[in-house]
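**Student:** need coordinates for the below:
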Amino acid sequence: MSNTVRASATGLPVEVSGLLFNTAAFTQPVAGEWGNAGRNTIPGPTTFSLDGSLGRVFRLGERRNIDLQVQAQNVLNRVTITSWGTVLGSSNYGLASGAAAMRKLTINLRFRF
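**Tutor:** All right, here's what the predicted structure looks like:
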């Protein structure tokens, strides 16, 4: 039997504290039947990301400038889970399997003449 068939819901709550989802809320369906768990039954974890940018232009006479720009993605460096194991019977069932990029800081300095 393939592990990619739709699971059967056990009636236990899907959301529990401390876990991505309650793995005991789902079981393998009876052989030859489809499971009764609905689509999008597993709620994803909340996502939050804060990006920022600062810029400053320094004038050097009438025709020359120095532009300084600082950009930051995921300023708070908070872990955002992007995928988790939802296949019954797999080794990563109920575990986080991917995360978004960590903090990224870019500094640009441009001389205009």
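
**Student:** distance-wise, check G11 relative to V5.
**Tutor:** 19 Å (CB to CB, to the nearest Å). In this view, the C-beta of every residue, glycine as well, is placed from N, C-alpha and C.

**Student:** tell me which element the residue nearest the centre of the chain falls in.
**Tutor:** Among the residues of the chain, the one closest to the centroid is T82, at 2.8 Å (CA atoms, centre = their mean). Here T82 sits within strand 81-84, counting by DSSP states H and E.

**Student:** just the buried residues of that strand, please?
**Tutor:** Residues 81, 84 are the ones in strand 81-84 that count as buried (16 or more other CB atoms under 10 Å).

**Student:** what residues does the helix or strand just after that strand touch?
**Tutor:** Following strand 81-84 in sequence order, the next helix or strand is strand 96-99 (DSSP H and E). The set of residues external to strand 96-99 that reach it, using CB atoms under 8 Å, 6 or more residues apart in numbering, is 20, 79-85.

**Student:** just checking: what are the partner strands of strand 96-99?
**Tutor:** The strands beside strand 96-99 in its sheet (DSSP bridges) come out as strand 81-84 (antiparallel).

**Student:** contacts made by the strand it pairs with with the rest, please.
**Tutor:** Outside of strand 81-84, the residues within contact range by CB under 8 Å, 6+ apart are 20-21, 44-45, 92, 94-100.

**Student:** I figured V57 was touching I66, is that so?
**Tutor:** Yes: using CB atoms under 8 Å, V57 makes contact with I66 at a distance of 7.4 Å.

**Student:** of the two, which one has the most company?
**Tutor:** Legend: neighbour count by other CB atoms under 10 Å for V57 and I66, higher for I66 (14 against 11).

**Student:** with just CA atoms, put the host helix or strand of the more buried one into PDB.
**Tutor:** Under the criterion of DSSP H and E, I66 resides in strand 64-73. The C-alpha coordinates for strand 64-73 follow below in PDB (Å, rounded to 0.1, in the frame of the first residue of the first chain):
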ATOM      1  CA  ARG A  64      28.500  64.100  -6.900                       C
ATOM      2  CA  ASN A  65      26.600  62.000  -4.400                       C
ATOM      3  CA  ILE A  66      27.300  59.000  -2.300                       C
ATOM      4  CA  ASP A  67      24.200  56.700  -1.800                       C
ATOM      5  CA  LEU A  68      24.200  54.400   1.100                       C
ATOM      6  CA  GLN A  69      21.500  51.700   1.400                       C
ATOM      7  CA  VAL A  70      21.000  49.000   4.000                       C
ATOM      8  CA  GLN A  71      18.400  46.200   3.400                       C
ATOM      9  CA  ALA A  72      17.500  43.400   5.800                       C
ATOM     10  CA  GLN A  73      15.300  40.400   5.300                       C
END
